[in-house]
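Peer 1: Make a model of this:
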Amino acid sequence: GKPCLVIANKFDLFHPDAAKADRLAAIQDDIAEQLFFIPYAPVIAASAKTGESIKRFYFAIEQIRKASWEGLNTGALNRLLQDSLAAHPPPAGKGGKRFKLLYSTMARERDQEKAINGANFILFCNKKSLLPGSYERYLENKIRENCSYTGIPINFTFRERETRKRIRKN
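Peer 2: Next comes the predicted model:
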């Protein structure tokens, strides 16, 4: 749940006889396979010995910092998520009920001193248990298509609608 950047050091020793483009593709595939749980993290292939890609390292840190301060305003976020739900509705749960998104907003960090903020979204819904994890990843991917959040994890907090007590009239 933290901002992340992957540095592949000693790149000068990784298949030194192969073409650089092939080496980069191979190392990115290897890292994507091994670090599948952080697909949002950019990968920098570097060599501390030769100094190769050290400037890219600092550039990537700055990109992550900038991405952390980006944000979708509430209206754009709600339109994006509602369009995503309409284009590909969530599966029906037990009893035929579906997850319904009532409203969404981006939670802002109160700590202005923090250099890198997370992308935290609050989703007001009918029932969180009706939303499978795969659909949550679908919504995350839709947000990333609109706002990259390079190196930043996207976190959802769900707030379920409170059930109202019915008042009986006698």
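Peer 1: residue nearest the centroid of the chain?
Peer 2: Nearest to the mean C-alpha position of the chain, by CA atoms, centre = their mean, lies residue 154 at 3.5 Å.
Peer 1: Tell me the bridge partners for it.
Peer 2: Beta-bridge pairing for residue 154 (DSSP bridges): residue 119.
Peer 1: So it is in contact with residue 143, correct?
Peer 2: Yes - counting by CB atoms under 8 Å, residue 154 does reach residue 143; the two are 5.9 Å apart. Just so you know, the C-beta spots here come from the backbone N, C-alpha and C atoms, and that holds for glycine as well.
Peer 1: shared neighbours, the two?
Peer 2: Shared contacts of residue 154 and residue 143 (CB atoms under 8 Å, 6 or more residues apart in numbering): 119, 121.
Peer 1: quick one: residue 103 from residue 95, how far?
Peer 2: Computed as CB to CB, to the nearest Å, the residue 103 to residue 95 distance reads 24 Å.
Peer 1: The two: which has the busier surroundings?
Peer 2: Counted by other CB atoms under 10 Å, residue 103 and residue 95 do not tie: residue 103 has more neighbours, with 15 against 6.
Peer 1: Report the secondary structure state of the closest residue in space to that one that isn't next to it in sequence.
Peer 2: With sequence-adjacent residues excluded and distances taken as CB to CB, 6 or more residues apart in numbering, residue 103 is closest to residue 124, at 4.3 Å. With DSSP: H, G, I helix; E, B strand; the rest coil as the basis, residue 124 sits in strand.
Peer 1: check contacts around residue 2.
Peer 2: Listed by CB under 8 Å, 6+ apart, the contact set of residue 2 reads 118, 153.
Peer 1: Remind me what the worst-scoring helix or strand of the chain on mean pLDDT packs against, helices and strands.
Peer 2: Sorted by mean pLDDT, DSSP states H and E, the helices and strands of the chain end with helix 54-69, the least confident at a mean of 87. Applying 3 or more CB pairs under 8 Å, 6 or more residues apart in numbering; DSSP states H and E, we find helix 54-69 packed against strand 43-45.
Peer 1: Which strands or helices does the next helix or strand after the least confident helix or strand of the chain pack on?
Peer 2: Downstream of helix 54-69, the first helix or strand assigned by DSSP states H and E is helix 74-87. Where contact means 3+ CB pairs under 8 Å, 6+ apart, helix 74-87 is packed against strand 101-107, helix 133-146.
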